[in-house]
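Asks: Provide a 3D model corresponding to the input given below.
(one chain, ligands or ions: 1)
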Amino acid sequence: MAGAGKKILALSGGVGGAKLALGLAQELPAGALAVLVNTADDFRHHGLHISPDIDTLLYTLSGRSNRAQGWGIEGETWQVREALAALGGDTWFQLGDGDLATHLLRTGLLAEGQALSAVTARLAQAMGIQSAIYPMAEEPVSTLVHTDEGELPFQHYFVRRRCEPAVSGFSFRGLDAARVPAPLQALLASGEVAAVVICPSNPFVSIDPILGVPGLWQQLAALAVPVVAVSPIIGGRAVKGPAAKMMAELGLPVDAAAVVQHYRQRYPGLVSHVVLDNEDAALADALGQSGNEEIAVHNTLMKTLDDKRQLARDVLTKVLKNVLPEARR
Ligand code: FO1
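Replies: Prediction:
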């Protein structure tokens, strides 16, 4: 068992990842959660630097998120959007008034030369968040979705085209030049990371860009701590988002086993534990026999705050066997 000062490092994309991160944040001692977030969905819009997955996490962990929607702020107002529409400006990507304040501050601080990790830490502090939130890189990385309509920047595929074009692959512009941010590097070198949790985020466009930062997955594997992957696919469906549709279009079987195979092929030896949903219990035996991971089965569908905390508890106490003993109750 690990003692005080130990941390759980969660890897997260948008909505699904933020749900488990919230459960973990509430179950762990204050400050014991660090979240490494996908920034390949980031883009510039109306001159502003938007970091959708970081913001989903900020709003979720600070209790401000619009839970029905998954992204954005609860009780948001839309005066700027209405004014923009009246001027004939683009409004396909909906930016609420409160959300705009986040983008204005981030864009201004970045323009002054601050690093994205420092700006993110400042926003998290201003929102009263006790968990550390790290962007996967300081440098800009952008997902391009290869589709039957050509290569689409991620938000154009996801929001503007509502994930309708058929997908044939992905590329991540800028990823080769990306570097692990210094504060994350310091955490990895500190010996404080007791376990890594790959949240139930999209493997192709949320987790792959994070683990694709040069050297990162090998560094995580070299920590020699448990690495738990929670499947985002339940009963052949994605809870939210296009993961299942993408798998079908990529010619993969649409099930949790194919997610595990994807991680096995791309990051051999990284994942030590897999969490499947109760609905997928029948996959556990074959999956266990075809690889070296320990396979656990729990409820992974997180509709309520209780569900999020229960899954976090199951991961911490049953899968990781109390690697951090002093969880909050
Ligand atoms: N998602 C949508 O489906 N439509 C939107 O208009 C939209 C606006 C938006 C604004 C700020 C922000 O931080 C996120 C926003 N999202 C929107 C969500 C976001 O684009 C996606 O959920 C993620 O990129 C996928 O993880």
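
Asks: which residues touch the residue in the stretch 151-300 of the chain that the ligand sits nearest to?
Replies: Of all residues in the stretch 151-300 of the chain, residue 159 sits closest to the ligand, with a separation of 4.2 Å (CB to the nearest ligand atom). For glycine as for every other residue, the C-beta is placed from the backbone atoms N, C-alpha and C. For residue 159, the contact set (CB atoms under 8 Å, 6 or more residues apart in numbering) comprises 92, 93.

Asks: cool, the one 10 residues further on as well?
Replies: By CB under 8 Å, 6+ apart, the residues touching residue 169 are 146, 250.

Asks: Next, the buried residues of the helix or strand hosting it.
Replies: For residue 169, the element it lies in under DSSP states H and E is strand 167-173. Residues 167, 170, 172 are the ones in strand 167-173 that count as buried (16 or more other CB atoms under 10 Å).

Asks: avg pLDDT for that strand?
Replies: This predicted structure assigns strand 167-173 an average pLDDT of 98.

Asks: near the ligand, anything from it?
Replies: No - if you take CB under 6 Å from any ligand atom as the test, strand 167-173 misses the ligand, and the best it gets is 13.4 Å.

Asks: Name the residues that touch the helix or strand just after that strand?
Replies: Per DSSP H and E, strand 167-173 leads on to helix 182-190 as the next helix or strand towards the C-terminus. The contact list for helix 182-190 (CB under 8 Å, 6+ apart) reads 7, 9, 34, 36, 115, 117, 121, 132, 134, 180, 193, 219-220, 223.

Asks: still on that earlier bit, partners of the strand holding residue 169, with directions?
Replies: Strand pairing for strand 167-173, determined by DSSP bridges: strand 142-147 (antiparallel).

Asks: Establish whether the strand it pairs with and the ligand are in contact.
Replies: No - figure legend: strand 142-147 not in contact with the ligand (CB under 6 Å from any ligand atom); closest approach 9.2 Å.

Asks: Other residues contacting the helix or strand just after that strand?
Replies: Note on strand 142-147: by DSSP H and E, the next helix or strand toward the C-terminus is strand 150-153. With contact meaning CB under 8 Å, 6+ apart, strand 150-153 is reached by 43, 142, 143, 144, 145, 161, 165, 171.

Asks: Just list the residues touching the closest residue in space to the second one that isn't next to it in sequence, thanks.
Replies: Okay, so that is residue 142. Residue nearest to residue 142 in three dimensions, not counting chain neighbours: residue 173, with 4.8 Å by CB to CB, 6 or more residues apart in numbering. Applying CB under 8 Å, 6+ apart to residue 173 gives the contacts 141, 142, 143, 144.

Asks: I'd like those laid out as TSV, including neighbour count and pLDDT.
Replies: Listed next are those as TSV, based on neighbours: other CB atoms under 10 Å; pLDDT from 0 to 100:
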residue	neighbour count	pLDDT
141	23	98
142	19	98
143	27	98
144	18	98
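
Asks: quick check, nearest of the residues you listed to the ligand?
Replies: residue 143 (9.2 Å).

Asks: Of all the residues in the protein, which one is nearest the ligand?
Replies: Counting by CB to the nearest ligand atom, the chain gets nearest to the ligand through residue 14 (2.6 Å).

Asks: Double-check that residue against residue 201; I have them as touching.
Replies: Yes - contact criterion CB atoms under 8 Å: residue 14 and residue 201 qualify, at 6.8 Å.

Asks: Now list whatever residues contact both of the two.
Replies: With CB under 8 Å, 6+ apart, residue 14 and residue 201 have common neighbours residue 38.

Asks: Would you mind listing what in this protein touches the ligand?
Replies: Residues of the chain lying near the ligand (CB under 6 Å from any ligand atom): 13-14, 41, 50, 52-53, 55, 71-72, 93-95, 99, 155, 158-159.

Asks: Could you rerun that using 5 Å?
Replies: Within the chain, the positions near the ligand by CB under 5 Å from any ligand atom are 14, 41, 52, 55, 71, 93, 94, 159.

Asks: Export those residues as TSV, with columns for pLDDT and distance to residue 322.
Replies: Putting these into TSV (pLDDT from 0 to 100; distance: CB to CB, whole Å) gives the following:
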residue	pLDDT	distance to residue 322
14	90	29
41	98	34
52	98	34
55	98	32
71	93	33
93	98	43
94	97	42
159	97	41
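
Asks: Just the buried ones among those, please.
Replies: Applying 16+ other CB under 10 Å to the residues of the chain next to the ligand flags 14, 41, 52, 55, 71, 93 as buried.

Asks: Of these, which pair is most distant in space?
Replies: 14 and 93 (14.1 Å; CB to CB).

Asks: Kindly check the end-to-end length of stretch 253-271 for me.
Replies: 20 Å (CA to CA, to the nearest Å).
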